[in-house]
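In: structure for the following, please:
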Amino acid sequence: MATHDYSLADQSGASFRGDLNNALSAIATNNSNSTDPATTFANQWHVDTGDSTLKIRNAANSAYINVSAVGGIGTANLGLALAASPTFTGTATFGGNVLMSGNGTLDLPVGTTAERPGTPNNGMIRYNSTLSRYEGYSGSAWGQLGAGATGGGTDQIFTTNGQSVTTDFTLTGTLNAMSAGPISIASGVTVTVSSGATWTVV
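Out: Numbers count the residues shown, from 1 in each chain. This next block holds a predicted model:
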């Protein structure tokens with residue numbers, strides 16, 4: 001690890017040689033240190049061994065910009081995503097639209113009813129392997145997506161629904177609902193049919 005102010009002062013031969021070797025060492029190691037160099041230059045590289053990041057000084061020489069992810073020095077590709085077929089863990093957040101081109105697919109997450117997110121957000125979409133259907137979260141409950149009629153071959157005859165209610169649900173006053181019975185409601189679970197709404201079980 002070495003940093004240097006890159007100013008070689010007038011001094012005796014041995015001292016000058018030592019000072020020059022320190023400057024060359026700083027260059028060779030990309031100014032590596034657990035803290036930022038005390039003397040900085042525009043576009044200067046710096047390896048921060050404190051958090052294992054690779055940085056470059058901005059053109060105004062007013063701040064460092066992270067080139068790698070935190071901890072990236074010790075990981076492949078500096079901890080950055082590849083241009084082709086990258087793999088992410090955790091939550092990826094985008095501020096704008098997500099545009100997909102080509103003729104591929106969007107592979108949605110698959111999980112059981114018990115594996116639903118503990119704190120869901122409006123707009124979440126997943127495939128429920130317990131119920132064998134796509135579902136989305138809206139308001140206060142998960143609901144089936146693409147609930148069109150199905151059947152053998154190309155038949156579109158049967159519209160299916162579950163037989164038990166295991167999560168509280170509120171039918172608002174602007175909606176009606178119809179279910180094929182029998183329907184059981186689990187102990188402690190409440191189905192609220194708001195004023196103006198109708199739930200018909202046939």
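In: drop to CA atoms for contacts and neighbour counts, all remaining ones
Out: Noted.
In: assign L24 to helix, strand or coil.
Out: L24 carries the three-state label helix when classified by DSSP: H, G, I helix; E, B strand; the rest coil.
In: can you name every helix or strand that the worst-scoring helix or strand of the chain on mean pLDDT contacts?
Out: The weakest-scoring helix or strand in the chain, judged by mean pLDDT, DSSP states H and E, is strand 141-144 (a mean of 86). Here strand 141-144 touches strand 133-138, going by 3 or more CA pairs under 8 Å, 6 or more residues apart in numbering; DSSP states H and E.
In: run through the helices of the chain in chain order.
Out: Under the criterion DSSP state H, the chain contains helices at 13-28.
In: low pLDDT regions in it?
Out: Scanning the chain for pLDDT under 70 picks out 1, 147.
In: rerun at 80
Out: 1, 88, 146-150 (pLDDT under 80).
In: which stretches in it count as strands?
Out: 45-48, 53-57, 64-66, 110-111, 125-128, 133-138, 141-144, 164-165, 169-171, 176-179, 184-185, 191-193, 198-201 (DSSP state E).
In: for T150, find the nearest of the ones you listed.
Out: Judged by CA to CA, the one of these that comes nearest to T150 is strand 133-138, at 12.0 Å.
In: so which bits of the closest one are buried?
Out: 134-137 (16 or more other CA atoms under 10 Å).
In: next one: stretch 176-196
Out: V193.
In: ok, now stretch 36-43?
Out: 36-37, 40-41, 43.
In: who's in contact with it?
Out: 3-5, 31, 46, 48, 56-61 (CA atoms under 8 Å, 6 or more residues apart in numbering).
In: 10 Å - rerun?
Out: 2-7, 31, 44, 46-50, 55-65 (CA atoms under 10 Å, 6 or more residues apart in numbering).
In: can you give me the end-to-end span of that stretch?
Out: 14 Å (CA to CA, to the nearest Å).
In: hang on, the earlier thing: can you list the strands that the least confident helix or strand of the chain pairs with?
Out: Using DSSP bridges, the strands paired with strand 141-144 are strand 133-138 (antiparallel).
In: centre of the chain to the partner strand, how far?
Out: 19 Å (CA atoms, centre = their mean, to the nearest Å).
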